Structures are given as C-alpha cells and as structure tokens.
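Participant: Sequence first, predicted coordinates after that:
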Amino acid sequence: MVNKYKPPKNLNCQLWYASRSVPVIAPVTKYRFLCFHEVVAVKNLSLQPYMLECGVPPKHSHQVPESVSLVEGRCDQPTNNLRVIHNLPTGDRKADFAVCVKGMKFFKDESVRLVEWLELNFLLGADKIYLYEIETHPNISKVLKHYESRGKIDVKKFSQPGELPNVLGLQEIFFRKYKSTICAAEDLMYNDCLYRNINRYKFVAVIDIDEVLMPKTKSSWKEIMESIAPGVLSGKDYKWSSFAHYMVYFLPVMQQKHGWVNDVPHFMPMLQNLHRAANHSFSKWQIKSIHDTQRVLTIHNHFPFNCLGGKCSTLFIPRETAQLNHYRNDCRWTLRKECPYYKNHTILDDSILRFKAPLLNNTLNTLYQLGFLKE
C-alpha cells in the first residue's frame, strides 16, 4: 500500500543476497494499480494499493534474493526489509488447484457451514485452500486449526495497513462509509495468495465461503478444464489466462417454497438448497474465476487485472457446463432491482447431489471429531 494517491517516481529495489554484503539495485519499472482508480479515488484516504515491479539484473537472474527493500535513492538507508518468499512444489510437479479466500470477519458462529464448504471444495478438486483471518468466532477458529493441522488449509492472520481500523466493529462502520476501500484491502490478500503459490499450483481459484464453482456436466474442476481447453493441465499451449464462471443465486426463500430435503441435516445449507434463480447474472462484477498462475500478474475478486504478454484473455465457461453457486441469505445490494425477479423465477438444480454421499460423510465425520455433534 503506497501512502500517496500516486506513488513517487524513480523508486528502487535493493535486492539482498546471502552471498553479498551490499545490495543489488533494481529500479522499479512498473506501477500496477490493484483496484480501479475510479473506485478507490478517495483522496482523503492516503493508502492506495499498487504492485511494484523491479527487474532482476540478468547476471543475478539465477539467484533468489533473501529479501528486498524499497527506497527512493539508490543508496538510501532502507527503513523496510521484506523477506522473499520462494515456495516450490512439494513433489516433482505442481499441484493443480489452490483456492484463495479473502479475510474472514465473523462474530456469528458459521463453523458448521464452513466445514460443509471446505469439504465440498476438496471433493471438487481443491488441493489446498488458503484463507486470511481477521477476526472470527472461536468455533470458526477451531475449525481452521483442525484443517490446518492436517495440512489441508493454510491460514494467515491479516490486519489492515497503516491507520485503517483493525477493530472489527470499527471496520464495519468504516467500510460502510468508504465502500471503495474494501477493494484495496481485499486485493492485497488475493495477490499475496497468488504470489505465494505461482510455483506450487497450476491454477488459483478466487471465491468466498458462500460460493462454489459447481461443475454441471463433469465431476471435478479438472474434468471441466480439460473439456473446455484440452491439454490445459498437462502444459500444452493455450491462449486463456483465466476461466470465468457465471453466477446464479441459491437463496433460502427459493428453497422454502418447495420444502426441505428430508435426508439432509438442516445445518447443511448447500445440500439443502436445490432450487435456484432461473437466470444467471452475466455482470462482470458477479463472475468468479480460476487463474493460470503462469499468465496472470495481478488479480481481482472477479477477474484478472494484468497478464503477461499484455491483455488478459478470459474464457467464459458456458453456464450449461459449470456455474458459480452463490448461497446468500439475500441478493447483494448492487442487484436489488433484479432481486425480485430472481426470487420469483426459480428452477430445480440438484447437480450438487452427485456429491451427496461423500459430502455428508466427510462433513459429519469432521463435526464429530470437532465435538460439534454427539454420537
């Protein structure tokens, strides 16, 4: 986060190597804004999100620096020093899918719902899920520790930078007044997740814990990807940087008209909600995407910002093939005009039932292990 509306020119990176007592200087060559200027143009808020790019000099390109400092003058005494994170695959090849989730802020206990969501994503193909925790209910923290101890998720604590509020109640008040600043804060987490994993995963998916990238004609993300872009997971050349899913609402009011599913616990809202809005939303602000880690440079909640080679190329997956299931209590405020239409025009969509048996088994077993259910 840069403490100016526009960052100063002529910044330099000091690259620190274990074998050298003095840094290698690499000028900042690119300033990539991580949101939308027209959205975050709140000039009385000093922090603005940027990705700064420094080119490593060719004679040092075979080495990985230990850390990097950002300075104005080439020989300035640095007041910052950031460790370089160079994560490599655990085996001889990259895993397929990582999932990136923004900062979790929950006073309410959503722990049981979180278990169902985690287990469904593992069934669909998530190799690991990366979450950022701001402040959560104790039971949610218990769930996170359970999965983290088993190596299935990675949890990072996140705090707002600079003078932005970090007390949860104050954050809610602040972000209601300055809605545009949410984009800046969230995009820090998404891009941190991307860069931690570019060498470990072929793709990263960016979704929230009330969303699921649901295959309609196949049984996993891998099968969907191979069907729409053959060879995509084996390294063959293709032109797409991201794969976008159209959103469709699954709201409680839609299911209530048809009654509950008898053999599914009421506390599992995804398996309980089998009726959705008849129409998908085609707004770019409602899609969610899977990104190629070797093509995207910066990403947003919904789509890529910058890509290698210039313009990003997004393949919109046909809604008959896969979709973004959005399980909310009500429509997002930006869709309040369309919401009555969505609620009044619904259809049965039970594609999730293909995963019913393993999802029930895995979710209930975990809830027993956590002590949330009794024998």
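Facilitator: Good, I have the coordinates.
Participant: any idea which element residue 18 lies in?
Facilitator: Residue 18 is part of no helix or strand, with elements assigned from DSSP states H and E.
Participant: I'd like to know which helix or strand in this protein has the lowest mean pLDDT.
Facilitator: Ranking every helix and strand in the chain by mean pLDDT, DSSP states H and E puts helix 37-40 at the bottom, with a mean of 55.
Participant: Give me the contacts around the helix or strand just after that helix.
Facilitator: For helix 37-40, the following helix or strand on the C-terminal side (DSSP H and E) is strand 50-54. If you take CB atoms under 8 Å, 6 or more residues apart in numbering as the criterion, strand 50-54 is touched by 1-2, 7, 11-13, 15, 26-34, 68, 70, 191, 297-298, 306. From N, CA and C alone the C-beta is placed, and that goes for glycine too.
Participant: one more time with 7 Å
Facilitator: Strand 50-54 is contacted by residues 2, 7, 11, 13, 26-34, 70, 191, 298 when judged by CB atoms under 7 Å, 6 or more residues apart in numbering.
Participant: of all these, which two lie farthest apart?
Facilitator: Put simply, by CB to CB the two of the contacts of strand 50-54 set farthest apart are 27 and 191, 21.4 Å from each other.
Participant: more neighbours, these two?
Facilitator: Shown here are residue 27 and residue 191; by other CB atoms under 10 Å, residue 191 has more neighbours (21 against 11).
Participant: how many neighbours does the nearest residue to that one once chain neighbours are set aside have?
Facilitator: Nearest non-adjacent residue to residue 191, counting by CB to CB, 6 or more residues apart in numbering: residue 298, 5.7 Å away. Neighbours of residue 298 under the rule other CB under 10 Å: 22.
Participant: Residue 298 and residue 347, how far apart?
Facilitator: Taking CB to CB, to the nearest Å as the measure, residue 298 and residue 347 are separated by 37 Å.
Participant: got it, and residue 270?
Facilitator: Distance check for residue 270 against residue 347: by CB to CB, it reads 17 Å.
Participant: Looking at the two, which one has more neighbours?
Facilitator: residue 270 (22 against 12).
Participant: got the contact list for that one?
Facilitator: Contacts of residue 270 (CB under 7 Å, 6+ apart): 116, 120, 212, 327, 352.
Participant: Assess the claim that the first one and residue 362 are in contact.
Facilitator: No. Between residue 116 and residue 362 there is no contact, the gap being 9.1 Å when judged by CB atoms under 7 Å.
Participant: what about the closest residue to residue 33 other than its chain neighbours, neighbour count?
Facilitator: In this structure, residue 33 finds its nearest non-sequential neighbour in residue 50, 5.9 Å apart by CB to CB, 6+ apart. Counted with other CB under 10 Å, the neighbours of residue 50 add up to 19.
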